[in-house]
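Visitor: Okay, sequence plus prediction incoming.
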Amino acid sequence: MLLVDADRPEPVRSGARELALFLTPEPGAEAKEVEETIEGLLLRLEEFCSLTDMIRSDTSQILEENIPLLKAKVTEMRGIYAKVDQLEAFVKMVGHHVSFLEARVLQAERDHGAFSQALRKWLGSSGLPAFRNKRWMPVAPTYELPTLYRTEDYFPVDAGEAAPRTPSCQRRL
């Protein structure tokens, strides 16, 4: 009841002062709390700066070291792709040659009777007199091998590994 009493102004004032002191926080505690908050923010800022520095150094390393390496690998891979393309063309050409030779072999068998020879032998062994009396004389066929590719033309041998060749002996495949 100190606050209501008008005759005694002194206790009201002292009570108000005590209440003001009680409600007013300590300046040291508030400053300490603000300093801790600022230190936390500074620590986060330092972590952020170190992270950005690391990103910058990684970026410069990529730009200065890794990109030239990648460009060299790309150039190397282009050479490999070109070799693969040449090899595919070579395999295709060999396939055409094999098909051509198979057709020629089939034609030669038809022309020279490889099947009919086997049939005549079988029929001759069967005991039929018409086939036994006739003697079949094979005619010496003349067959000229077509000119084909040389593997050495497409895959050159190193000078150290090359066997001495004379230009007059050219192999046919």
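Guide: That came in fine, so what should we check first?

Visitor: element containing residue 147?
Guide: Under DSSP states H and E, no helix or strand contains residue 147.

Visitor: Tell me the pLDDT of it.
Guide: The score at residue 147 is 80. That number is its pLDDT.

Visitor: Relative to residue 97, how far out is it?
Guide: 10 Å (Cβ to Cβ, to the nearest Å). All C-beta spots, glycine's among them, are computed from the backbone N, C-alpha and C.

Visitor: Give me the more crowded residue out of those two.
Guide: residue 97 (14 against 9; other Cβ atoms under 10 Å).

Visitor: residues contacting that one?
Guide: 148-149 (Cβ atoms under 8 Å, 6 or more residues apart in numbering).

Visitor: what helix or strand is it on?
Guide: Of the helices and strands defined by DSSP H and E, residue 97 is found in helix 67-112.

Visitor: can you check residue 122 too?
Guide: Counting by DSSP H and E, the element that carries residue 122 is helix 114-125.

Visitor: With residue 35 instead?
Guide: Assigned by DSSP H and E, residue 35 belongs to helix 27-61.

Visitor: between that helix and helix 67-112, how big is the angle?
Guide: Between the axis of helix 27-61 and that of helix 67-112 there is an angle of 40 degrees, by axes from the mean of the first three to the mean of the last three Cα atoms, to 10 degrees.

Visitor: buried sites along stretch 36-54?
Guide: Judged by neighbour count (16 or more other Cβ atoms under 10 Å), stretch 36-54 contains no buried residues.

Visitor: tell me the average confidence for that stretch?
Guide: Per-region confidence: stretch 36-54 scores 95 on mean pLDDT.

Visitor: worst-scoring helix or strand of this protein, pLDDT-wise?
Guide: Considering only helices and strands, the least confidently modelled element of the chain by mean pLDDT, DSSP states H and E is helix 129-133, at a mean of 54.

Visitor: Which secondary structure elements does the helix or strand that comes right after it sit against?
Guide: The first helix or strand that comes after helix 129-133 along the chain, using DSSP H and E, is helix 151-154. Where contact means 3 or more Cβ pairs under 8 Å, 6 or more residues apart in numbering; DSSP states H and E, helix 151-154 is not packed against any helix or strand.
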